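In: just need the structure, nothing else, for what follows:
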Amino acid sequence: MTGCPNGCARPYMAELAFVGDGPKSYQVWLGGSPVLAGRTAFPYKSKVKDDVMEDCLEPVLAMFIEKRQQFEAFGDFCYRMGVDAIEEYANNYVLGSVKA
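Out: Here you go, the predicted structure:
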């Protein structure tokens, strides 16, 4: 998590990153590789207020629970699925419907 959009804290390498884009507001980035596997994270959402962050992330984490491959890291999963599939899943997701 960083408040600086210039990447000084290297959020774009993270599997899940939050980059400040305003007061109590963040961009959510997914799919980076902390071991520099030839990719950076991709932007998932912007202007997500901190009080709705859980609602934004729950569908992504639910999809990970349901569709990950054995031993697959979260960043690898997001990269494999891609932003379009994650957004489609999130748009059809009912909050609270998947339990870990």
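
In: low-confidence stretches in the protein?
Out: Low-confidence regions of the chain, defined by pLDDT under 70, are absent; no residue qualifies.

In: same thing but 90
Out: Scanning the chain for pLDDT under 90 picks out 1-13, 21-22, 34-39, 99-100.

In: the helices in this structure, which residues?
Out: With DSSP state H applied, the chain shows helices at 53-67, 74-92, listed in chain order.

In: mean neighbour count and distance to Trp29 added to those helices, as JSON lines?
Out: Bear in mind the C-beta positions are built from the backbone N, C-alpha and C, glycine included. Listed next are those as JSON lines, based on neighbours: other CB atoms under 10 Å; distance: least, CB to CB, whole Å:
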{"stretch": "helix 53-67", "mean neighbour count": "16", "distance to Trp29": "11"}
{"stretch": "helix 74-92", "mean neighbour count": "16", "distance to Trp29": "9"}
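
In: would you check that Phe64 makes contact with Gly75?
Out: No - at 10.4 Å, Phe64 does not count as touching Gly75 under the criterion of CB atoms under 8 Å.

In: quick one: stretch 19-26 to chain centroid distance?
Out: On the basis of CA atoms, centre = their mean, to the nearest Å, the separation between the geometric centre of stretch 19-26 and that of its chain is 15 Å.

In: which one of the helices of the chain lies nearest to Val98?
Out: When the helices of the chain are ranked by proximity to Val98, the top entry is helix 53-67, at 3.7 Å, counting by CB to CB.

In: related to what we said a few turns ago, can you put the helices of the chain in a markdown table and add distance to Cys8?
Out: Formatted as a markdown table, the entries for the helices of the chain read as follows, by distance: least, CB to CB, whole Å:
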| stretch | distance to Cys8 |
| --- | --- |
| helix 53-67 | 22 |
| helix 74-92 | 20 |
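
In: who are the contact partners of the residue nearest in space to the middle of the chain?
Out: For the chain, the residue whose C-alpha lies nearest the mean C-alpha position (CA atoms, centre = their mean) is Leu30; its distance is 3.5 Å. Contact analysis of Leu30 by CB atoms under 8 Å, 6 or more residues apart in numbering lists Glu15, Leu16, Ala17, Ala41, Phe42, Tyr44, Val60, Gly75, Cys78, Val83, Ile86.
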